[in-house]
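[1] What shape does this take:
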Amino acid sequence: MRVLVIEDEVRLAEHLQKALKTIPSFVVDLSHDGEDGQFMAETNDYDLIVLDLMLPVRDGLTVLRNLRAAGKTTPILILTARRTKEDIIRGLDYGSDDYLTKPFDMGEFLARCKALVRRHHGRPDPIIQVHDLIIDTRTHIVRRGNKEHFLPALQYRLLEYLAYRQGAVVSKTEILEHLYDYNWEKFSNVIEHYIYELRRKIDDGFEVKLLYSIRNHGYMLKGPAACPDGRSDSAS
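    Numbering: from 1, shown residues only. Alright, predicted model coming up:
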């Protein structure tokens, strides 16, 4: 999942980025002022935005209001040093999904971020199940049958994103835009390799195949119902 942190305190922003990157499914971009942050949020498809209220150039509430007015539905977690109920109510009224007041516990921050992403994808349960494949988004353990896997971060990130979108065809471009930061070009030629490795781990040895390659369209994680048009590489 791709996260944007808009925070002008550089050390705090980097600390948040480092903490978020401990979650294998998260990749993080940083911005340090409201104008730049709003531009990044409008021009990229993020799964979560962490937004400080007291920002230079353009304040956080203005950024929040502008993003919602532009139709952006990305979950937004507000960070604020302001503790008055009025400030919190204004943030929620302008369209934020959650808030934390500074200083805050990093464990709580990470838990809230993960919960917002799950809810945004319509899956509040931390356990994602696709047929008999179990993905625990808390522990990042993947199980199918009697096989249990601790996947490398990039493989896990890809599998979790496909699981959140299960039943839908996900293009290579969508994968790159959601799972990698601005240096994603270097990953563009390895998606097929990650798909191959995931298929080897979750499909090999099982009669029912779950991971499909839809020719000229992308990839899909799906239960035992037939793949559209039968266009699949997974059974080959």
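
[2] got any ranges where the chain has weak pLDDT?
    For the chain, residues meeting the criterion pLDDT under 70 lie at 83-84, 181-188, 225-236.

[3] show me where the chain has helices.
    10-20, 34-43, 60-69, 85-93, 106-120, 153-164, 172-179, 191-202 (DSSP state H).

[4] In terms of secondary structure, what does the fifth one contact?
    The contact analysis (3 or more Cβ pairs under 8 Å, 6 or more residues apart in numbering; DSSP states H and E) places helix 106-120 against helix 10-20, strand 48-52, strand 76-80, strand 98-101. Heads up, the C-betas are built off the backbone N, CA and C, glycines and all.

[5] who's in contact with it?
    Contact with helix 106-120 is made by 1, 3, 16, 19-20, 22-23, 26, 47-48, 50, 73-75, 77, 97-98, 100, 124-126, 137-138, as judged by Cβ atoms under 8 Å, 6 or more residues apart in numbering.

[6] one more time with 7 Å
    Here helix 106-120 makes contact (Cβ atoms under 7 Å, 6 or more residues apart in numbering) with 1, 19-20, 23, 47-48, 75, 77, 97-98, 100, 124, 126, 137.

[7] ok, so what distance separates the spatially closest residue to Pro75 that is not a sequence neighbour from Pro56?
    Spatially, and ignoring its direct neighbours in sequence, Pro75 is nearest to Leu116 (4.1 Å; Cβ to Cβ, 6 or more residues apart in numbering). Using Cβ to Cβ, to the nearest Å, we find Leu116 at a distance of 25 Å from Pro56.

[8] go on, Ala163?
    From Ala163 to Pro56 the distance is 39 Å (Cβ to Cβ).

[9] between those two, who's got more neighbours?
    Set Ala163 next to Pro56 and count neighbours by other Cβ atoms under 10 Å: Ala163 wins out with 20 against 11.

[10] and that one, what does it touch?
    By Cβ under 7 Å, 6+ apart, the residues touching Ala163 are 128, 130, 135, 221.

[11] what residues are up against the closest residue in space to it that isn't next to it in sequence?
    Closest residue in space to Ala163, ignoring its immediate chain neighbours: Ile128 at 4.6 Å, by Cβ to Cβ, 6+ apart. By Cβ under 7 Å, 6+ apart, the contact list for Ile128 reads 135, 137, 163.

[12] Closest to Ile175 out of the contacts of Ala163?
    Leu221 (11.9 Å; Cβ to Cβ).

[13] I'd like the distance between the spatially closest residue to the closest one that is not a sequence neighbour and Ala111.
    Nearest residue to Leu221 in three dimensions, chain neighbours excluded: Leu162, at 4.0 Å (Cβ to Cβ, 6+ apart). Note on Leu162: its distance to Ala111, by Cβ to Cβ, is 23 Å.
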